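Peer 1: Sequence and predicted structure, then a few things I'm wondering about:
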Amino acid sequence: MTKNSLRFYWGTLYNSNKDIEWLNPAECRDVGIPLGDLRDVIIEKFNISDSESLEGAAIIFAGRCHWNKDKTKRIINIYDNERIFISLAD
């Protein structure tokens, strides 16, 4: 496999920061998913009302993974807003 190649990632979300700029997976604490420029599109597309509504949500998306500067956390950048699906928990 090619380093930093596009892959699909899936799992359950643990939480998000207050401003819904980052998503944190439930399965591991050393991974972060920044929403970046896609934040507003994703919030509107999936009717996300606040950061609490993301707790326990299922997610699948295409992205690229890399280490942060200190190599303490893996960052997965979402590739685009077409290859993402979020199912909010009830």
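Peer 2: Structure received. Note that this is a predicted model, so its numbers are computed, not measured. Residues are numbered from 1 along each chain as shown.

Peer 1: how close does residue 49 sit to residue 77?
Peer 2: Separation of residue 49 from residue 77 (CB to CB, to the nearest Å) stands at 24 Å. All C-beta atoms are positioned from the backbone trio N, CA, C, and that covers glycine.

Peer 1: of the two, who's got more company?
Peer 2: Taking neighbours as other CB atoms under 10 Å, residue 49 and residue 77 compare with residue 77 leading, 16 against 10.

Peer 1: And the helix or strand that contains the more buried one, what's buried?
Peer 2: Residue 77 is part of strand 74-78 when elements are defined by DSSP states H and E. Buried positions in strand 74-78, judged by neighbour count with 16 or more other CB atoms under 10 Å: 75-78.

Peer 1: Then stretch 22-29?
Peer 2: Buried residues in stretch 22-29 (16+ other CB under 10 Å): 22-25.

Peer 1: Now, the residues you listed that are in strands?
Peer 2: Per DSSP state E, strands hold the following members of the buried residues of stretch 22-29: 22-25.
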